[in-house]
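Q: Mind looking at a prediction? Sequence and model below.
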Amino acid sequence: MMRLRLEGGRTNARQFRVIADLSDQYGKGFCDLTTRQQIQMRWFTLAEVPDIWSQLAEVGLHSKQTGMDNVRGVCGCPVSGLTPHELLDATAVIREFNEMLVGNKEFTNLPRKFNVTITGCLENCCHPETQDIGLVPAYRELDGQQVNGFNVLVGGKQGSGGYRPATPIDVFVRSEEAAHLCAHITLIFRDYGSRATRTRARLAFLIEDKGAAWFRKELSKRMGQSLLKAGTDMRKKNHTDHLGLNPQRKPGSGYEGPPLYYIGLLVPVGRITTVQMRGVADLADRYGNGDIRVTTQQNLIIPNISEDRIGALTDEPLFSELPFDPSPIMRGLVSCTGNDYCPLALIETKGYAVQVARDLEKRTAGRKIQPLTIHWSGCPAGCGLHQVATIGLQGCRSRQSNGDIVDAAHVCVKGATGPSPRLATDLMYDVPCDQLAEALEPLVSYLPR
């Protein structure tokens, strides 16, 4: 597997076509979109890597520092700079931080992997509480004026003992200082993070051992200045996935064209064929400006669509496979890689996720289903973010009364990220996968978000 590094999920039609061509030439005709807004290519050999790298470089793509103990691809709102529902556009901050990291050996010998999300979106579209660093939109009154920036969260994680929401350290940072602050936090982890055992080699455990006050003091010392106390968190309570047709903010004072829109496409459990990738690239070129963005829900967004082209766009046949108006059950479906390609996973997840979701659609046909998320992880590492979903499923193997061992899942409910994060509550254990639709039907129908 090769993971391609994207900045906040940003890519384009030209890159999509090259990835599709490489996946046909060296792979098996598909790629995976991840919950960290990256793209994974599969089924090539080491001998083919130099040619893959060369072709990727021609379109501005690479796989540097996307595995091992590095700062992984930096996440953010997939419609940053486009949505009217953001306090500030975090794109420049993500880019500046990324430029500090890539190719810089100061950041390549960390105790463990390191995840970062930087977002100015008000609609809670990312999962910053699951990250080692989460910068979220906030403002402060400084010298009698409102200054927009970020509140700082540190030490969130999924695996190594389960979901631990990131800790607010009572810090507000202006956007022009945000990338440097993230760099200093990363280097504190490099210098003080545990290297004795990998199960405790995450920033969360450093915060647990030394405390948030110590961490804030160390960060202030490295920044060479006093830190501002946290401002007002501006995020809304509910989560938004950016699917469907949505108006963009006006490009600028010099723009005189029709209103612009972006369209969010569902990619079921993030697995996309090369034929579909070329189809998305064609739509991005034909109706937009070629830009494509990947979301943390494993979906895709095509931006910059003129209002007068919406009718023709929505008639495109590709939407029968990648819908922009999916059912509530499919809309919130997320899955990790599963044991097809991950040695840690106990069961195959993506196939079961789609199968159970389709069964639930049939069982609940005609009912009004409230918005919900259904997330699958194949093991306790939680790469499918199951502990922050309305309904979370963790794969397991279960011995039945007749002695057979079958694929099954533990079920947890009502997890959340956002301004009021909470760990999902365990509800059922060892439910065989062929009985999950029946077990989940009452939850899908009646469980409040």
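A: Here it is on my side, so go on. Model, not experiment: these values are computed from the prediction.

Q: Isn't Gly395 up against Val411?
A: No. With contact defined as C-beta atoms under 8 Å, Gly395 and Val411 do not form a contacting pair (11.2 Å). Where C-beta positions appear, they are placed from N, C-alpha and C, glycine not excepted.

Q: out of the two, which sits in the more crowded spot?
A: Counted by other C-beta atoms under 10 Å, Gly395 and Val411 do not tie: Gly395 has more neighbours, with 26 against 22.

Q: Any figure for the gap between the more buried one and Gln158?
A: Distance of Gly395 to Gln158, computed by C-beta to C-beta, to the nearest Å: 14 Å.

Q: what's the answer for Val74, then?
A: 17 Å.

Q: Please say which of the two ends up with more neighbours.
A: Using other C-beta under 10 Å as the criterion, Val74 and Gln158 rank with Val74 on top: 27 against 24.

Q: you'd agree that one is up against Cys126?
A: No. Val74 is beyond contact range of Cys126, at 10.9 Å (criterion: C-beta under 8 Å).

Q: and the nearest residue in space to Leu135 that is not next to it in sequence, what does it touch?
A: Nearest residue to Leu135 in three dimensions, chain neighbours excluded: Phe150, at 3.8 Å (C-beta to C-beta, 6 or more residues apart in numbering). Applying C-beta atoms under 8 Å, 6 or more residues apart in numbering, we find Phe150 in contact with Ala90, Ile118, Gly120, Leu135, Val136, Pro137, Ala138, Phe172, Val173, Ser175, Ala178.

Q: CSV for those, including secondary structure and pLDDT?
A: Below are those laid out as CSV (DSSP: H, G, I helix; E, B strand; the rest coil; pLDDT from 0 to 100):
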residue, secondary structure, pLDDT
Ala90, coil, 98
Ile118, strand, 98
Gly120, coil, 98
Leu135, strand, 98
Val136, strand, 98
Pro137, strand, 98
Ala138, strand, 98
Phe172, strand, 98
Val173, strand, 98
Ser175, helix, 97
Ala178, helix, 98
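
Q: Where does the prediction get shaky in the chain?
A: 448-449 (pLDDT under 70).

Q: List phi and psi for the most far-flung residue of it relative to its centre.
A: Distance from the C-alpha centroid of the chain peaks at Asn402, with 40.4 Å (C-alpha atoms, centre = their mean). Main-chain torsions, Asn402, degrees, to the nearest 10: phi -90, psi 0.

Q: Check Arg331 too.
A: According to degrees, to the nearest 10, Arg331 has phi -60, psi -40.

Q: That one: neighbour count?
A: Arg331, neighbours per other C-beta under 10 Å, totals 22.

Q: That one: what's it in contact with?
A: Asp241, Leu243, Leu266, Pro371.

Q: In helices, which of those appear?
A: Residues of the contacts of Arg331 located in helices (DSSP state H): none.

Q: can you pick the most crowded of these?
A: Ranking those using other C-beta under 10 Å puts Leu266 first, with 26 neighbours.

Q: Any idea how many residues pack against the residue nearest to that residue when sequence neighbours are not counted?
A: Closest residue to Leu266 apart from its sequence neighbours, by C-beta to C-beta, 6+ apart: Pro326 at 4.4 Å. Counted with other C-beta under 10 Å, the neighbours of Pro326 add up to 22.

Q: Good, wrapping up.
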